[in-house]
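Participant: Okay, predicted coordinates and the sequence, questions at the end:
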Amino acid sequence: MSDFHVRFNPDRSRWEALLDGDEIGFLDYQVNCGIVEMSRTVVDPAGTGQPTEAVLTGLIRAGLEQAREDGLTVRTSSSEVEEFLAEHGDIAEDPDDHRESEDDEHREDGSDLV
């Protein structure tokens, strides 16, 4: 059984999981004003011998790594990415990465962010 690999395809705004040249999954994204929105994951490794979870994890890790390298804040509307971040936040987060969250509306001193 061959292993799949993930490639970054900025022309199609996605990360793609490929097995022997065939696409078996992708993670769509959009970048705007320093924020990458990971919006949709599609995985269909049927008949390839690849576990769906492994393909999904490979796509999400590649997307998070690219976002970190590019200094982008991560947002998601993909339930799969949200679940991954909830389960593997320690893996996904760089200690020097200060991503915005809904809780970041106020500074530590209680004043509002501008």
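Facilitator: Okay, I see it.

Participant: Okay, residue 18 and residue 27: tell me how far apart.
Facilitator: 13 Å (C-beta to C-beta, to the nearest Å). C-beta here means a position set from N, CA and C on the backbone, and glycine is covered the same way.

Participant: which one of those two has more residues nearby?
Facilitator: Neighbour totals were compared for residue 18 and residue 27, and residue 27 leads with 27 against 15 (other C-beta atoms under 10 Å).

Participant: so who does the more buried one touch?
Facilitator: 14-15, 38, 40-41, 59-60, 62-63, 78, 81 (C-beta atoms under 8 Å, 6 or more residues apart in numbering).

Participant: for this structure, what spans make up the strands?
Facilitator: 5-9, 14-19, 22-32, 35-43, 73-76 (DSSP state E).

Participant: Among those, which comes closest to residue 89?
Facilitator: Evaluated with C-beta to C-beta, these place strand 73-76 nearest to residue 89, the distance being 11.2 Å.

Participant: outside of that closest one, which residues touch it?
Facilitator: In contact with strand 73-76 (C-beta under 8 Å, 6+ apart) are residues 34-39, 64, 67, 82, 85, 99-100.

Participant: so can I have CSV of those showing pLDDT and distance to residue 48?
Facilitator: Shown next, in CSV, are those (pLDDT from 0 to 100; distance: C-beta to C-beta, whole Å):
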residue, pLDDT, distance to residue 48
34, 95, 36
35, 94, 33
36, 94, 28
37, 95, 28
38, 95, 23
39, 94, 24
64, 93, 24
67, 92, 27
82, 92, 26
85, 90, 26
99, 33, 33
100, 34, 37
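
Participant: May I ask which of those residues has the most neighbours?
Facilitator: Greatest neighbour count in the contacts of strand 73-76, by other C-beta under 10 Å, goes to residue 38: 26 neighbours.

Participant: who does that residue bridge with?
Facilitator: residue 29, residue 76 (DSSP bridges).
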